[in-house]
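> Here is a sequence together with a model predicted from it:
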Amino acid sequence: MDGKLLALLIVVVVFSFAYMERRQKNQLAMKKQQQAGVDNETAAIIKDLKKRVETLERIATDRGARLSDEIDAL
């Protein structure tokens, strides 16, 4: 092999590895963004469910509701 061909081969190999590394980093960044979106969505769902549970607890422990149930039972 002459020197020019060897130098060209080295350059091609280096650029190939650099391209693959950049591609993997971009894929990892995209996965992290998707995961962050899922985490935000999950947090919003949990917040909504907590509000619903608080409302149900308030209804279940409301004295007026119990008194109304007792009156209806009579």
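Structure's in. What do you need? Numbering: from 1, shown residues only.
> so where is the chain shaky, pLDDT-wise?
By pLDDT under 70, the weakly predicted segments of the chain are 1, 65, 67.
> Which single helix of it contains the most residues?
As assigned by DSSP state H, the longest helix anywhere in the chain is helix 3-61.
> Which residues outside whichever helix or strand comes after that helix are in contact with it?
Sequence-wise, the next helix or strand downstream of helix 3-61 (DSSP states H and E) is helix 63-73. Helix 63-73 is contacted from outside by residue 59, using C-beta atoms under 8 Å, 6 or more residues apart in numbering. Where C-beta positions appear, they are placed from N, C-alpha and C, glycine not excepted.
> Report the angle between helix 63-73 and helix 3-61.
Interaxial angle of helix 63-73 relative to helix 3-61 (axes from the mean of the first three to the mean of the last three C-alpha atoms, to 10 degrees): 60 degrees.
> Tell me the gap between helix 63-73 and the middle of its chain.
From the chain centre to the centre of helix 63-73 is a distance of 44 Å (C-alpha atoms, centre = their mean, to the nearest Å).
> And residue 27, how far from residue 72?
62 Å (C-beta to C-beta, to the nearest Å).
> same check, this time on residue 21
Taking C-beta to C-beta, one finds residue 21 at 71 Å from residue 72.
> okay, these two: which has more neighbours?
A direct count of neighbours by other C-beta atoms under 10 Å for residue 21 and residue 72 places residue 21 higher, at 10 against 7.
> neighbours of residue 3, just the number please.
By other C-beta under 10 Å, the residues close to residue 3 number 7.
> now swap in residue 47 and tell me
Residues near residue 47, counting by other C-beta under 10 Å, number 10.
> Equivalent analysis for the one 4 residues further on, please.
Here the neighbour count serves as a burial measure; for residue 51 (other C-beta under 10 Å) it reads 10.
> That one and residue 57: what is the separation?
With C-beta to C-beta as the criterion, residue 51 and residue 57 are 11 Å apart.
> again with residue 6
Taking C-beta to C-beta, one finds residue 6 at 76 Å from residue 57.
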